[in-house]
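Enquirer: Here's a sequence, model it:
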Amino acid sequence: MARMTMIEAIRDALDVAMGQDPGVVVFGEDVGYFGGVFRCTAGLQAKYGKTRCFDTPINESGIVGAGIGMAAYGLKPVVEIQFADYVYPAYDQIVSEAARLRYRSAGQFTCPMVIRMPTGGGIFGGQTHSQSPEALFTHVTGLKTVVPSNPQDAKGLLLSAIADPDPVIFLEPKRLYNGPFDGHHDRPVAPWKTHELAEVPEGVHTVPLGRAALRRAGQAVTVLTYGTMVHVALAATAESGVDAEVIDLRTLLPLDMETIVTSVRKTGRCMVLHEATLTSGFGAELAALVQAECFWHLEAPIRRVTGWDTPYPHTHEWSYFPGPARVAEALRQLVEVD
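Expert: Numbering: from 1, shown residues only. This next block holds a predicted model:
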């Protein structure tokens, strides 16, 4: 197996999919000749030609709308929104058309498309390049929502998303593109090459949608998280001394409730951790589900640790970002509740 960054793993998944199926097309702003702002599509236009990997105007609604039409006619478009913060002009197309095409046509049409978006902060992108809008998509019936935390999963989940017959929102934590990030912004950047989950199988490698991964076994508390926060949770667990079990959800919809329930019933405590804002974040849905399924096993209230209810600040990025110190303190407080 080759060791890859998340960028390389995503590119490899696209390469495999395009090589297997001539119906897979990749397009978006600067994804063709330039290879994408983060270089996730570098070299694909040269290899597969301008009809299968091409640039578009700066028009998110048009990008997604064209993809929906292609999908309805049997192609498998993989479109890129340059930053998740830019998706809002396309939201009507995603919600009203892509997500409902199967239902409104009584199964005569489907929409097998993937919408890729870099998400999250940690790069000093400010309020317009740092948002985490996953809850906007998990609220919509008909969409699947995926957030990988490492190169191995990024390739496997992306190939599964491309093969899926319905639309998939594929959110890529941009701070993880070149290395795992545990929230310690004042330390040297760690590369993926030393991380075990940077070992990516060659050729076809799929990770099923709807299946979480156990990143650390523990007895004291369950941490439910995804994306960049998986690495923050692991660092906070080590620094807090709390024997936490860390669950990487990987797919927010469909959600692996079996893994969640098994873990929470074992530990009796639950923390939900995500970078997005607190109010109406996906963590609220997780907390409600855990409360409903594990009520008689809970020994303490469910704790949410998230970004604050404010636009993502540029100069105070690390005050907003749920770092390991804040998570570690919340873990200690959670296990002290009798």
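
Enquirer: now the strands: where do they sit in the stretch 151-300 of the chain?
Expert: With strands called from DSSP state E, counting those that start in this stretch, the stretch 151-300 of the chain shows them at 168-173, 199-200, 213-216, 221-225, 244-248, 251-253, 270-277.

Enquirer: Could you say which of these is packed most deeply?
Expert: Burial of these is given as mean neighbour count (mean count of other Cβ atoms under 10 Å); strand 221-225 ranks first at a mean of 29. Glycine gets a C-beta too; all of them are placed from N, C-alpha and C.

Enquirer: ok and it relative to strand 270-277, angle-wise?
Expert: 30 degrees (axes from the mean of the first three to the mean of the last three Cα atoms, to 10 degrees).

Enquirer: Partner strands of strand 221-225 and their direction?
Expert: strand 244-248 (parallel), strand 270-277 (parallel) (DSSP bridges).

Enquirer: Quick one, which of those gets closest to Glu329.
Expert: strand 270-277 (11.4 Å; Cβ to Cβ).

Enquirer: Can you give the distance from the closest one to the centre of its chain?
Expert: Computed by Cα atoms, centre = their mean, to the nearest Å, the chain-centroid distance of strand 270-277 equals 13 Å.

Enquirer: Ok, stretch 267-275 next?
Expert: Put simply, stretch 267-275 sits 18 Å off its chain's centre (Cα atoms, centre = their mean).

Enquirer: I'd like to know which of the strands of the stretch 151-300 of the chain lies nearest to Asp186.
Expert: strand 270-277 (18.3 Å).

Enquirer: Would you confirm that Asn150 contacts Tyr177?
Expert: No. Assessed by Cβ atoms under 8 Å, Asn150 is found out of contact with Tyr177, at 11.2 Å.

Enquirer: Let me see the contact set for the residue most central in space within the chain.
Expert: In the chain, the centroid-proximal residue (Cα atoms, centre = their mean) is Val147; its distance is 1.5 Å. Each residue near Val147 by Cβ atoms under 8 Å, 6 or more residues apart in numbering is listed here: Thr119, Glu134, Leu171, Pro173, Tyr226, Gly227, Leu249, Arg250, Thr251, Leu252.

Enquirer: cutoff 6 Å now
Expert: By Cβ atoms under 6 Å, 6 or more residues apart in numbering, the contact list for Val147 reads Leu171, Tyr226, Gly227.

Enquirer: repeat for Val79
Expert: By Cβ under 6 Å, 6+ apart, the contact list for Val79 reads Phe27, Gly28, Ile63, Gly67, Ile115.

Enquirer: which stretch of helix or strand covers the first one?
Expert: Spelled out, that is Phe27. For Phe27, the host element (DSSP states H and E) is strand 24-28.

Enquirer: got a list of contacts for the helix or strand following that strand?
Expert: Once the chain leaves strand 24-28, the next helix or strand it forms, by DSSP H and E, is helix 44-48. Here helix 44-48 makes contact (Cβ under 6 Å, 6+ apart) with Met18, Gly32, Cys53.

Enquirer: quick one, which of Asn150 and Tyr177 is more surrounded?
Expert: Ranked by neighbour count (other Cβ atoms under 10 Å), Asn150 and Tyr177 place Asn150 first, with 28 against 22.

Enquirer: Enumerate every residue touching the more buried one.
Expert: Going by Cβ under 6 Å, 6+ apart, Asn150 touches Leu197.

Enquirer: Kindly report the same for Leu224.
Expert: Counted by Cβ under 6 Å, 6+ apart, Leu224 has contacts Ile247, Val272, Leu286.

Enquirer: Thr259 contacts Ala213, doesn't it?
Expert: No. Between Thr259 and Ala213 there is no contact under Cβ atoms under 6 Å: 8.3 Å.

Enquirer: hmm, back to that, kindly reformat the contacts of Leu224 as JSON lines containing pLDDT and distance to Arg187.
Expert: Shown next, in JSON lines, are these (pLDDT from 0 to 100; distance: Cβ to Cβ, whole Å):
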{"residue": "Ile247", "pLDDT": "98", "distance to Arg187": "25"}
{"residue": "Val272", "pLDDT": "98", "distance to Arg187": "26"}
{"residue": "Leu286", "pLDDT": "98", "distance to Arg187": "29"}
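
Enquirer: can you tell me which of those lies nearest to Gly142?
Expert: The shortest approach to Gly142 among the contacts of Leu224 belongs to Leu286, at 20.4 Å (Cβ to Cβ).

Enquirer: what's the closest non-adjacent residue to that closest one?
Expert: Val272 (4.8 Å; Cβ to Cβ, 6 or more residues apart in numbering).

Enquirer: residue contacts, the one you found?
Expert: Leu224, Gly283, Leu286, Ala287, Arg304.

Enquirer: The stretch of helix or strand Val78 belongs to: what's the following helix or strand?
Expert: Assigned by DSSP H and E, Val78 belongs to strand 76-80. Going down the chain from strand 76-80, the next helix or strand is helix 91-92, by DSSP H and E.
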